[in-house]
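Chemist: turn this into a model:
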Amino acid sequence: MAGMKALVVYDSVAGNTEKVAQAIAAGLASGAKAVRTGSPESRDLAKLSLLVIGSPTYGGRPTDTVQKYLDGLPAADVKKLRVAAFDTRLKAPFARIFGYAADRMAAWFKEKGSQESGSPTGFLVKGRSGPLLDGELERATSWGRQLGGK
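Modeler: The predicted structure is shown next:
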């Protein structure tokens, strides 16, 4: 999408979600950036056409930092956005019981009237603090290309 302004906003605890966020940004339109939830850029939604949000999954939810970020977003800006959500998660049977952060973030945006750009997506880590499974960063870049229409 020519002229699309995209931003990937994430929280990362062990560094895995940050790596995925950067890979997604690399796959998106040129000029797309990955920034942490606390950065000033993460609040500047006015010129965005796509917001991608990412978090590690803890107890089936995004981190408190991501939830606070979402809750602080201006409703008028959120309504205008195309959004996509991703998380990093364990590939463990018990994890499915609690659910995943990406699904909860996508539901939050849907409730606020945003347009979903891509299905909530999870990227797999080997253990609680990682590393990512082989091929996950390539998959993240590819997902970014899909989101960006490349």
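Chemist: mind listing what's buried in the lowest-mean-pLDDT helix or strand in the chain?
Modeler: In the chain, no helix or strand scores lower on mean pLDDT, DSSP states H and E than helix 93-98, which sits at a mean of 77. Neighbour-count burial for helix 93-98, with 16 or more other C-beta atoms under 10 Å as criterion, is recorded at Ala95. For the C-beta atoms, the positions are set from N, CA and C on the backbone; glycine is no exception.
Chemist: name the SS class of the closest residue to Thr37 other than its chain neighbours, please.
Modeler: Distance criterion C-beta to C-beta, 6 or more residues apart in numbering; nearest residue to Thr37, sequence neighbours excluded, is Tyr69 at 4.1 Å. Classification of Tyr69 by DSSP: H, G, I helix; E, B strand; the rest coil places it in helix.
Chemist: quick one: contacts for Tyr69?
Modeler: By C-beta atoms under 8 Å, 6 or more residues apart in numbering, the contact set of Tyr69 is Val9, Asp11, Thr37, Gly38, Ser42, Ile53.
Chemist: please report how far it lies from Arg128.
Modeler: Remark: distance between Tyr69 and Arg128 (C-beta to C-beta, to the nearest Å) = 22 Å.
Chemist: for Thr121, give me its contacts.
Modeler: Ala84, Ala85, Phe86, Asp87, Ala102, Trp143.
Chemist: could I get those as JSON lines with secondary structure and neighbour count?
Modeler: JSON lines is the format used below for the contacts of Thr121 (DSSP: H, G, I helix; E, B strand; the rest coil; neighbours: other C-beta atoms under 10 Å):
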{"residue": "Ala84", "secondary structure": "strand", "neighbour count": "29"}
{"residue": "Ala85", "secondary structure": "strand", "neighbour count": "29"}
{"residue": "Phe86", "secondary structure": "strand", "neighbour count": "30"}
{"residue": "Asp87", "secondary structure": "strand", "neighbour count": "28"}
{"residue": "Ala102", "secondary structure": "helix", "neighbour count": "24"}
{"residue": "Trp143", "secondary structure": "helix", "neighbour count": "22"}
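Chemist: now the residues you listed as a markdown table including pLDDT?
Modeler: What follows is the contacts of Thr121, written out as a markdown table (pLDDT from 0 to 100):
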| residue | pLDDT |
| --- | --- |
| Ala84 | 97 |
| Ala85 | 98 |
| Phe86 | 98 |
| Asp87 | 98 |
| Ala102 | 97 |
| Trp143 | 97 |
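Chemist: done for today, thanks.
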